[in-house]
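sequence first, predicted model second:
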Amino acid sequence: MTQPSSRYTLLDRRLLAVVLSLTLAACGGIPEDERGDDTLGVQESGLGEVRVRLMAANITSGNLQSYDPGEGIRIFKGTKPDVVMIQEFNYGDNSASAIRGFVDSAFGTTFSYYREGAAQIPNGVISRWPIIAAGEWDDNQVTNRDFAWARIDVPGPKDLWVVSVHLLTSSSSIRNTEATNLVNFIKANIPVGDYLAIGGDFNTSSRTEACFTTFSSVVTTAAPYPADRNGNTNTNAGRTSPYDHVLVDSDLRAYQTATVIGASTFSAGLVADTRVYSPLSDISPALSTDSGATNMQHMAIIKDFLIPGDTATASVTVTSPNGGESWVGGSSQAITWTASGVTNVKLEYTLDGSTWTVITSSTAASTGSYTWTVPSSATTAAKVRVSDAANSAITDTSNAAFTLTTSTGGTAQVFINEVLANEPGSDVNGEFVELVNSGGTAADLSGWTVSDSTGVRHTFASGTTLAAGGAIVVFGGALGIPAGLSNAVGASTGTLGLGNSGDTVTVKNAAGTTVNTTTYASSLASTDGVSANRSPDGSSGGTFVLHTTLSSAASSPGKRVSGSAF
């Protein structure tokens with residue numbers, strides 16, 4: 001089974017933890033069975049419920065946005081979180097040994113961590129349980145940190161995905177743009193059946209900011225809110241604004257429980273302010289002065305959850321297609337699997353690795369096979385997923401991608417190559433999106449759509465094809481098509497509506513599967529008539545840059561950057 005999308009039995013998880021201890025040294029991965037006395041705060045009884053304490057923490061102090069002065073370390077030790085979404089993750093000289101030493105001191109030698117690279121004030125994740133995968137998603141509104149995410153193998157049938165964020169102070173609209181971009185990343189990458197938490201320093205002045213409405217599409221944002229000993233839910237140094245948050249999805253919210261520390265109970269979670277906490281001995285070695293230390297601008301936020309633990313559960317395993325196969329579109333192929341303790345299974349496929357289409361919502365698990373008519377869409381990124389029809393947490397996916405081809409054996413690869421959001425002058429007909437097919441066969445674009453973050457802007461007419469190595473351009477309106485440009489159409493809705501302050505452009509095939517998507521920042525739409533273009537031009541893996549950095553021309557719709565034909 002593949003790690004990113006499979007669920008594991010208890011034995012599988014233990015074996016995975018052993019592997020992680022050998023291969024993820026940079027993240028400090030250590031097997032659960034080797035944990036020592038630093039597991040305080042975890043309540044686990046056999047295969048029953050497990051307490052998970054989540055914390056959002058931007059609790060650096062001193063003058064270097066780091067944890068060197070020690071006040072934050074004492075708060076970590078006293079409150080004993082299991083998973084921390086940490087901001088300004090700096091310590092010592094920031095070498096691997098220094099960061100490992102910080103984690104060992106504040107949490108324990110068995111904790112794993114992920115810290116984003118090449119950031120002045122990096123975000124990160126620290127976890128009691130093994131980190132299966134981790135990375136960063138681009139926060140294109142800021143240059144000195146990104147969104148840090150981690151997938152954690154918590155006990156039980158689901159994994160926990162956490163995202164550490166540090167939004168900008170500049171304005172609520174910028175924070176909402178950051179939230180919109182993060183939500184898009186979450187929807188594209190995190191399975192809906194797993195747990196999700198977003199935590200960190202939001203820098204929000206109120207709970208009515210637009211970013212909370214945006215975040216509410218993936219996590220719950222409603223009251224009740226964590227509070228300190230005096231019932232204050234605000235988290236900035238002056239305790240007047242709700243800067244910091246732990247937001248979880250509805251699956252995890254269902255398991256939220258009171259945060260209990262010593263003899264004290266906080267029904268909705270804790271705002272950890274040592275200046276008002278009592279008795280302070282409950283969070284020793286924290287000192288009453290720690291939360292008021294020099295440049296300690298935030299309070300840590302804690303929420304507790306009691307989640308179902310591991311059980312000797314049912315399982316499914318995909319056996320075919322399991323990676324490397326090459327199937328012709330329109331042909332009949334057998335999807336096969338093995339299953340234990342499962343009555344019916346649900347079958348799905350993906351053409352791009354992220355968007356899934358249902359093949360059948362329920363078929364008998366005992367048959368172990370289903371005849372599938374392969375879609376006529378060429379791709380090298382296809383996978384199949386088999387899940388328990390009654391419990392989506394019991395699932396397995398093809399170990400690796402397989403190939404779908406057209407009857408000619410070629411493969412199409414369609415992607416967004418150039419976007420002009422800031423039209424010349426004020427004629428929005430001039431906005432355009434250029435698609436390129438770098439594959440070896442033509443792509444049938446009948447019924448394909450081009451959307452921005454608002455909705456579908458263009459649907460390709462039946463019979464539209466994009467030749468291998470060719471390009472086609474969708475303009476905001478037919479009046480915007482330059483004279484002599486034949487490989488272009490006007491948007492079927494009469495507009496593209498691309499935002500000059502940033503937007504997301506998505507191309508989907510006729511089945512509604514995402515073929516390619518890109519999110520651009522305002523910096524790529526800041527100048528009238530200058531487009532954003534892939535670099536290298538015509539490369540599906542290229543990054544977007546201003547067209548004027550590649551040639552003297554402001555844009556090149558339907559042509560290469562050099563002006564030559566595709």
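Great, that's in hand.

which stretches of the stretch 151-300 of the chain form strands?
160-166, 195-201, 244-248, 256-257, 259-261, 264-266, 270-272, 300-308 (DSSP state E, counting those that start in this stretch).

Ala381: which of those strands is closest?
Among these, the nearest to Ala381 by C-beta to C-beta is strand 160-166 (21.4 Å). No exception for glycine: its C-beta is placed from N, CA and C like everyone else's.

need the pLDDT of Glu49.
On the pLDDT scale, Glu49 is placed at 84.

contact partners for it?
By C-beta atoms under 8 Å, 6 or more residues apart in numbering, Glu49 lies in contact with 43, 306-309.

now Pro424. Nearest residue, chain neighbours left out?
Gly529 (3.7 Å; C-beta to C-beta, 6 or more residues apart in numbering).

wait, isn't that neighbour in contact with Ser556?
No. Here Gly529 does not reach Ser556: they are 11.8 Å apart, not a contact under C-beta atoms under 8 Å.

rewinding a little: of all the contacts of Glu49, which comes closest to Ala148?
Scanning those for proximity to Ala148, where the rule is C-beta to C-beta, the winner is Ile307, at 22.3 Å.

count the neighbours of that closest one for me.
Neighbour count of Ile307, defined by other C-beta atoms under 10 Å: 21.

ok so, going back, please convert the strands of the stretch 151-300 of the chain to JSON lines, extending it with distance to Ile126 and mean pLDDT.
Shown next, in JSON lines, are these (distance: least, C-beta to C-beta, whole Å; pLDDT from 0 to 100):
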{"stretch": "strand 160-166", "distance to Ile126": "9", "mean pLDDT": "98"}
{"stretch": "strand 195-201", "distance to Ile126": "12", "mean pLDDT": "98"}
{"stretch": "strand 244-248", "distance to Ile126": "14", "mean pLDDT": "98"}
{"stretch": "strand 256-257", "distance to Ile126": "21", "mean pLDDT": "96"}
{"stretch": "strand 259-261", "distance to Ile126": "18", "mean pLDDT": "95"}
{"stretch": "strand 264-266", "distance to Ile126": "22", "mean pLDDT": "95"}
{"stretch": "strand 270-272", "distance to Ile126": "16", "mean pLDDT": "98"}
{"stretch": "strand 300-308", "distance to Ile126": "12", "mean pLDDT": "96"}
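
can I get those in a markdown table including distance to Thr395?
Output for these, formatted as a markdown table (distance: least, C-beta to C-beta, whole Å):
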| stretch | distance to Thr395 |
| --- | --- |
| strand 160-166 | 15 |
| strand 195-201 | 15 |
| strand 244-248 | 21 |
| strand 256-257 | 25 |
| strand 259-261 | 32 |
| strand 264-266 | 35 |
| strand 270-272 | 35 |
| strand 300-308 | 16 |
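
for Arg151, which of those is the nearest?
Nearest to Arg151, of all those, is strand 160-166, at 5.3 Å by C-beta to C-beta.

sheet-wise, list the partners of the closest one with their directions.
Partners of strand 160-166 in the sheet, by DSSP bridges, are strand 147-152 (antiparallel), strand 195-201 (parallel).

CA atoms only: put the host helix or strand of Glu434 into PDB for me.
Per DSSP states H and E: Glu434 is located in strand 432-437. Coordinates of each C-alpha in strand 432-437 appear next as PDB, following Å, rounded to 0.1, in the frame of the first residue of the first chain:
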ATOM      1  CA  PHE A 432      -6.500  35.500 -22.100                       C
ATOM      2  CA  VAL A 433      -5.500  32.100 -21.000                       C
ATOM      3  CA  GLU A 434      -3.200  30.100 -23.300                       C
ATOM      4  CA  LEU A 435      -3.200  26.300 -23.200                       C
ATOM      5  CA  VAL A 436      -0.400  24.100 -24.600                       C
ATOM      6  CA  ASN A 437      -0.400  20.400 -25.400                       C
END
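
chain center to the helix or strand following that strand: distance?
Sequence order places strand 443-444 as the next helix or strand after strand 432-437, per DSSP H and E. Chain-centre distance of strand 443-444: 30 Å, with C-alpha atoms, centre = their mean, to the nearest Å.

before we move on, what about stretch 403-420?
25 Å.

if we can go back for a sec, what residues are up against the residue nearest to Pro424?
Gly529 touches 420, 422-425, 430, 554-555, counting by C-beta under 8 Å, 6+ apart.

check the gap between the closest residue to Val345 other than its chain neighbours and Thr336 for me.
In space, and not counting its chain neighbours, Val345 is closest to Ala365: 4.7 Å by C-beta to C-beta, 6+ apart. Counting by C-beta to C-beta, to the nearest Å, the gap from Ala365 to Thr336 is 12 Å.

still on that earlier bit, now list the buried members of the contacts of Glu49.
With burial judged by 16 or more other C-beta atoms under 10 Å, the buried subset of these is 307, 309.

tell me which two of the contacts of Glu49 sit farthest apart.
Gln43 and Pro308 (13.1 Å).

next, the buried residues of the helix or strand Val103 falls within.
Secondary-structure assignment from DSSP H and E places Val103 in helix 96-106. Residues of helix 96-106 classed as buried by neighbour count (16+ other C-beta under 10 Å): 99-100, 102-103, 106.

go on, stretch 261-278?
Taking 16+ other C-beta under 10 Å as the criterion, stretch 261-278 shows 261, 266, 269-274, 277 as buried.

then stretch 382-396?
382-389, 392-396.

now swap in stretch 461-481 and tell me
Neighbour-count burial for stretch 461-481 [16+ other C-beta under 10 Å]: 466, 468, 470-477, 480-481.

just checking, what packs against the helix holding Val103?
helix 71-79, strand 112-115 (3 or more C-beta pairs under 8 Å, 6 or more residues apart in numbering; DSSP states H and E).

how about the ones you listed, which one is nearest His245?
Nearest of these (C-beta to C-beta): helix 71-79, 16.6 Å.

for that closest one, what is the average pLDDT?
Mean predicted confidence for helix 71-79 is 97.

dump the residue contacts of Asp503.
With contacts defined as C-beta under 8 Å, 6+ apart, the neighbours of Asp503 are 421, 452-453, 519-520, 525.

just the angle between the helix or strand harbouring it and strand 432-437, please?
For Asp503, the host element (DSSP H and E) is strand 502-508. Here the directions of strand 502-508 and strand 432-437 differ by 40 degrees (axes from the mean of the first three to the mean of the last three C-alpha atoms, to 10 degrees).
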